[in-house]
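# Give me a 3D structure for the following:
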Amino acid sequence: METVDRTPTEPSDYAALSAIYGSLLAGTAISARGREPITNAELGALAAASFALSKLVVHEKVESWMRRPFVDEARGKPKGRRLRYAVGELLTCTRCTGAWSSLGLVALRLHSPAAGRTVTAVLAASAGNDFLQAGFKAICAHANRVERTGEPAVPPRPVRRAA
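Predicted coordinates for the structure are as follows:
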């Protein structure tokens, strides 16, 4: 990521985004008082759900409508100047978008537990699907390489001799 002096932004543009995020975070924390707490057991599903949601927003074609005002899709780079550019940077970074996704999912879970659990379950299952698809693709690529090259599927282990 480029430093502020190498982008068409000002520190105040990032400060505005931080202020919005901080306000939403504080509002969520304050309004969470007296609500059903999120258990440690739910954190894994929430993490997987925020992974899936941020990947969806940043990379998937179906969400290009959201990125289009801020991101040059052909180059995958932010467009415009100042706050528009800063939002474009946010929308091209899965880690950055993940923080906002996490905040939204936690707020939804706190304020509407049933809906929050449903959305989290759907997105967590999607994240599980992503990992399984990636694993399957890797296994197939390995099997194809073994078939093509004739190398052993599992390299032989060195034999240890007793001393």
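# Helix or strand: which one has the residue lying closest to Gly104 once chain neighbours are set aside?
The shortest distance from Gly104 to any non-neighbouring residue, by CB to CB, 6 or more residues apart in numbering, is to Leu53 (7.8 Å). C-betas here are computed from N, CA, C, even on glycine. Element membership for Leu53, per DSSP states H and E: helix 40-59.
# Other residues contacting that helix?
With contact meaning CB atoms under 8 Å, 6 or more residues apart in numbering, helix 40-59 is reached by 38, 62-63, 66-67, 91-95, 97-98, 100-102, 104-106, 109, 117, 119-124, 126-128, 130.
# Check these for burial and list the buried ones.
With neighbours counted by 16 or more other CB atoms under 10 Å, the contacts of helix 40-59 contain buried members at 38, 67, 91-92, 94, 97-98, 100-102, 104-106, 109, 119-120, 123-124, 126-127.
# hang on, the earlier thing: among the contacts of helix 40-59, which lie within helices?
With helices defined by DSSP state H, the entries of the contacts of helix 40-59 inside them are 66-67, 94-95, 97-98, 100-102, 104-106, 109, 117, 119-124, 126-128, 130.
# Can you tell me how far Gly34 is from Leu46?
20 Å (CB to CB, to the nearest Å).
# Between those two, which is the more surrounded one?
Higher neighbour count among Gly34 and Leu46: Leu46, with 20 against 6, using other CB atoms under 10 Å.
# Contacts only, for Arg145.
By CB under 8 Å, 6+ apart, the contact set of Arg145 is Glu151.
# For it, give its distance to Ala153.
Arg145 is 10 Å from Ala153, by CB to CB.
# again with Leu53
37 Å.
# again with Ala127
Distance from Ala127 to Ala153, counting by CB to CB: 29 Å.
# do the same with Ala19
Separation of Ala19 from Ala153 (CB to CB): 55 Å.
# likewise Asp72?
44 Å.
# More neighbours: which of these two?
Asp72 (14 against 9).
# tell me the contacts of the residue nearest to that one when sequence neighbours are not counted?
In space, and not counting its chain neighbours, Asp72 is closest to Lys79: 4.7 Å by CB to CB, 6+ apart. Counting by CB under 8 Å, 6+ apart, Lys79 touches Phe70, Val71, Asp72, Tyr85, Gly88.
# are any of those buried, and which?
The neighbour count (16+ other CB under 10 Å) marks Phe70, Val71, Tyr85, Gly88 as buried among the contacts of Lys79.
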